[in-house]
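> Take a look and give me a structure for this.
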Amino acid sequence: MAGGKAVRFSTPVKPPTKPSKGKALATDSSKTDASSHESGLPLARYTSIVGTQSLLLAFTALFLPRSTTSLLGSDFLPPPSSSLDRPQHPFLEPITASPVLTLVWLCLGVGVVISWSSGYMRVWVKGETSSRAGNQEDVKSSSLATGKSKAIMDSYKATALSIPIFHLFIVLFGAPLTSHIPQTLLLSTLLSLLTFYPSTYALGLPSLTSTSSAAQAERLQYVRLFSELFTRTHVERALVFPVIGTVVGCWLGAFVLPLDWDRPWQAWPLVPAYGSIFGYVVGSLVSVTFSSVKSLADLDKAK
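Residues are numbered from 1 along each chain as shown. Down below sits the predicted model:
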């Protein structure tokens, strides 16, 4: 105090500090990485692939089994043994006459279509992985070129090894144990082509014996995707949703088999086989819809 008056000291008010360029660049780069991480799947191209794949699978399910009559003649098929009082539509006769031949056609057609579409999924998965490593096109092209033949062989091995696993589960869910063995094996083959081949070809076959960090990360990725059903990117949804649709469609198709309608199309395992193909198509369409809506929502938030 001086002269009986109190002296007040005013503290200077500092102007608001602007974020440094380094922090701004880090924030922008993190947003760019997040957007590129989520946009690893080209939605326009993926939509066209799903549309073409759905049409090819529909042709495989409805018209390819009818090739038996055109190649071998109608006399080759056995005569109908059920629903003689109510004859079925002539379009269904080549499909229901011999379930074994129908399943053979379905496996052949589905194998070709899935092999074609899985090639695009592998390109998108590798592109997403290379973008995380630095977004270099040479990294993506080199990884695709060097591991393509090995990835195909590994996928076919995984598909073949999964057939007895599916056969066991189908029997546990009520399929005949000692009869209709070829039909059950063919249904297991169809399910393996729709579920195991696309995922193992796109993601790679994880090592079960290696203790390296990369091998553990691959195993954890499979557990997260196909056990926990937890997806993070559009590419992962494109792999997981069709698998869910395949399993659910096959399971729902088995509900009509115990009904005493005595219809030819109720022969084992026609309805579960067609249900699995229909479920795969529905799962792919749900994946396209979900990813498109999420991309539009992300764009709206960015604005």
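> Which pLDDT does the model give L41?
Per-residue confidence (pLDDT) for L41: 78.
> I figured it was touching R232, is that so?
No: the pair L41 and R232 does not pass the contact test of C-beta atoms under 8 Å, sitting 11.9 Å apart. C-beta coordinates here come from the backbone N, C-alpha and C atoms, glycine included.
> more neighbours, those two?
For the pair L41 and R232, the greater number of neighbours falls to L41 (23 against 11), based on other C-beta atoms under 10 Å.
> which element is the more buried one on?
L41 belongs to no helix or strand when elements are defined using DSSP states H and E.
> Might you report the residue contacts of it?
Counting by C-beta atoms under 8 Å, 6 or more residues apart in numbering, L41 makes contact with W124, E128, T233, H234, V235, A238, S291.
> Would you check how far apart the spatially most central residue of the chain and V281 are?
When the chain is reduced to its mean C-alpha position, the nearest residue by C-alpha atoms, centre = their mean turns out to be L239, at 3.1 Å. With distances taken as C-beta to C-beta, to the nearest Å, L239 is found 15 Å from V281.
> burial count for S162?
With neighbours defined by other C-beta under 10 Å, the count for S162 comes to 19.
> quick one: low-confidence parts of the chain?
Low-confidence segments of the chain (pLDDT under 70): 1-40, 70, 72-76, 80-85, 128-146.
> Please name the nearest non-neighbouring residue to the residue nearest to the centre of the chain.
The spatial neighbour of L239 that comes closest, neighbours along the chain excluded (C-beta to C-beta, 6 or more residues apart in numbering), is S199 at 5.4 Å.
> Which of the helices or strands spans the one you found?
Counting by DSSP H and E, the element that carries S199 is helix 181-203.
> before we move on, what about R45?
R45 is located in helix 43-62, with elements delineated by DSSP H and E.
> Now that helix: buried residues?
Judged by neighbour count (16 or more other C-beta atoms under 10 Å), helix 43-62 contains these buried residues: L43, Y46, T47, I49, V50, Q53, S54, L56, L57, T60, A61.
> now stretch 209-220
E218.
> now it, how far from the chain's geometric center?
Average the C-alpha atoms of stretch 209-220, do the same for its chain, and the two points are 22 Å apart (C-alpha atoms, centre = their mean, to the nearest Å).
> do the same with stretch 250-260
24 Å.
> can you tell me how far the nearest residue to L285 once chain neighbours are set aside sits from S292?
In space, not counting the residues next to it along the chain, L285 is nearest to V50; the distance is 6.6 Å by C-beta to C-beta, 6+ apart. For V50, the distance to S292 under the criterion C-beta to C-beta works out to 11 Å.
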